[in-house]
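*Asks:* Sequence first, then the predicted structure, then my questions.
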Amino acid sequence: KEFVAELFDSFADTFDKKLVEELKYKVPQLVGQEASKFKSNFDSILDAGCGTGLAGRFLRPLTKGVLVGVDASQKMLDIAANCTMTRGCGLSDISKSQTSHDQPLYDDLLVMDLEEMTIANTLHRNGDTQLPGFSLIVAADVLVYFGSLSKLIKTFANISIPGAVLIFSCERATIEEAPLGWRLLPSGRFSHTKTHAVEAANEAGFELITYEEIVPRMEKGEDVKGHLFGFVLKDSKSDEL
């Protein structure tokens, strides 16, 4: 965990340029588009592993409420903190309409291990307990830093309301390549099978609604194989009836 934080701290300043321009990184747009298929307005959104805020640019239009970003890298969050509705986080030029009242893209940014998130230390940390949990959680190209997804997805479920949407991307592996459901790649990232991702989500109470094979980015001139998942958290009370 400390290694990942230090790794991203070390190249935070060049992260956006390398991903977007050199590796043709597409996941932020894809997760935003996927979320909009479920709903046009969410009360509260968590950008889990938000990094410099690239996905936040596509999530902000989906809420009139709260957008919270969590990441292990403080330097990444420092960059995301400078993003507003008209500048930063994927916008190359400062809008001429920018004013001193330009709204920050994120309402709150927290440096934290994702598996340590609770309602108390995220959504309710400032004492406002009106919202019982997140209605949308997005993890854009984040689960590649985890082997088994079970603990993390259970954490997501614990901070979500019934009916909440969970959207995440992974690098894709076949069952033959990854009998355990995940495998460590030479890049230091993990790839996951569809079966493992779905089973881990089902165990946490999520139901698979949408699935798509994607190309999240390029690597050494070749397409990276990925997949994009959309789940809804089932109401445990209704399941008991």
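*Replies:* Sure, I can see it. Numbers count the residues shown, from 1 in each chain.

*Asks:* Residue 37 and residue 232 touch, don't they?
*Replies:* No. Using C-beta atoms under 8 Å, residue 37 makes no contact with residue 232, being 11.6 Å away. For the C-beta atoms, the positions are set from N, CA and C on the backbone; glycine is no exception.

*Asks:* Neighbour count for these two, which is higher?
*Replies:* Neighbour count, other C-beta atoms under 10 Å: between residue 37 and residue 232, residue 232 has more, with 19 against 12.

*Asks:* show me what contacts residue 225?
*Replies:* Neighbouring residues of residue 225 by C-beta atoms under 8 Å, 6 or more residues apart in numbering: 171-172, 191, 213, 215.

*Asks:* show me where pLDDT drops low in the protein?
*Replies:* 1-24, 91-101, 237-241 (pLDDT under 70).

*Asks:* could you redo the last one with a cut-off of 90?
*Replies:* 1-26, 52, 64, 76, 83, 85-103, 126-129, 187-188, 216-223, 235-241 (pLDDT under 90).

*Asks:* most centrally placed residue in it?
*Replies:* The centroid of the chain falls nearest to residue 139 when counting by C-alpha atoms, centre = their mean (1.8 Å).

*Asks:* ok, residue 111 touching residue 78?
*Replies:* No. Judged on C-beta under 8 Å, residue 111 makes no contact with residue 78 at a distance of 9.6 Å.

*Asks:* Tell me the helix or strand right after the helix ranked longest in the chain.
*Replies:* Criterion DSSP state H: the longest helix present in the chain is helix 27-38. Next in sequence after helix 27-38, counting helices and strands by DSSP states H and E, comes strand 44-48.

*Asks:* Using PDB, list the CA coordinates for that following strand.
*Replies:* Taking C-alpha atoms only, strand 44-48 is exported to PDB below (Å, rounded to 0.1, in the frame of the first residue of the first chain):
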ATOM      1  CA  SER A  44     -23.600  11.500  -3.600                       C
ATOM      2  CA  ILE A  45     -20.700  10.200  -5.600                       C
ATOM      3  CA  LEU A  46     -17.500   8.600  -4.500                       C
ATOM      4  CA  ASP A  47     -14.600   8.700  -6.900                       C
ATOM      5  CA  ALA A  48     -12.500   5.800  -5.400                       C
END
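
*Asks:* Tell me which strands that strand pairs with, and in which orientation.
*Replies:* Strands adjacent to strand 44-48 in the sheet, as given by DSSP bridges, are strand 66-71 (parallel), strand 134-139 (parallel).

*Asks:* three-state assignment of residue 198?
*Replies:* helix (DSSP: H, G, I helix; E, B strand; the rest coil).
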